[in-house]
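Enquirer: output the structure for:
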Amino acid sequence: MIDDPEKTDRLMAELESSLPLEAKIQQHVKSALSEQSPDIAIPDRCNVTKLFYMGEEGGIVCGLDVGGPDTKTPFIVSITHLNFDRRSPLFRQIEAYQRHRIKKLKQQAGRGY
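Expert: Take a look at the predicted model:
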């Protein structure tokens with residue numbers, strides 16, 4: 001099991017009550033988004049405006065406010081590909097989730113799953 005269901009539910013509830021949250025898009029994700037949508041300027045920072053839980057395989061994903069309200073392409077990125085302000089009250093919980101999830105995914109990849 002990658003995610004602890006109780007911890008993940010708690011984190012989702014806390015995140016949803018704190019929306020919008022400012023986040024920094026990691027450079028490799030910014031490059032991929034720019035390639036997919038060359039007509040939209042992808043900023044370094046954006047706001048997380050929606051959250052979704054995609055189950056064990058997808059984890060927590062974030063809907064971003066990139067492209068404005070009229071954009072035809074929603075930008076949805078895994079929470080593990082975003083960086084959050086260390087001063088945010090939820091920073092420690094987000095970072096713990098990210099580290100745990102990345103660790104578990106690497107363990108599974110090492111076992112050939």
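Enquirer: how about the strands in this structure?
Expert: Secondary structure of the chain (DSSP state E): strands located at 21-25, 45-53, 60-64, 75-78, 82-84.
Enquirer: ok, residue 64 - contacts?
Expert: Shown in contact with residue 64 (C-beta atoms under 8 Å, 6 or more residues apart in numbering): 23, 25, 46, 47, 48, 49, 75, 76, 77. Every residue, glycine included, has its C-beta placed from N, CA and C.
Enquirer: which of these count as buried?
Expert: Among the contacts of residue 64, those buried by neighbour count (16 or more other C-beta atoms under 10 Å) are 23, 25, 46, 48, 49, 75, 77.
Enquirer: the second one against residue 47, yeah?
Expert: No - in this structure, residue 25 sits apart from residue 47 without contact. The criterion is C-beta atoms under 8 Å, and the distance is 11.1 Å.
Enquirer: coming back round to it: and the contacts of residue 64, which is closest to residue 12?
Expert: residue 48 (12.0 Å; C-beta to C-beta).
Enquirer: for the closest one, give its distance to residue 39.
Expert: Counting by C-beta to C-beta, to the nearest Å, the separation of residue 48 from residue 39 is 22 Å.
Enquirer: can you check residue 84 too?
Expert: Counting by C-beta to C-beta, the gap from residue 84 to residue 39 is 28 Å.
Enquirer: and these two? which has more neighbours close in?
Expert: Counted by other C-beta atoms under 10 Å, residue 84 and residue 39 do not tie: residue 84 has more neighbours, with 18 against 9.
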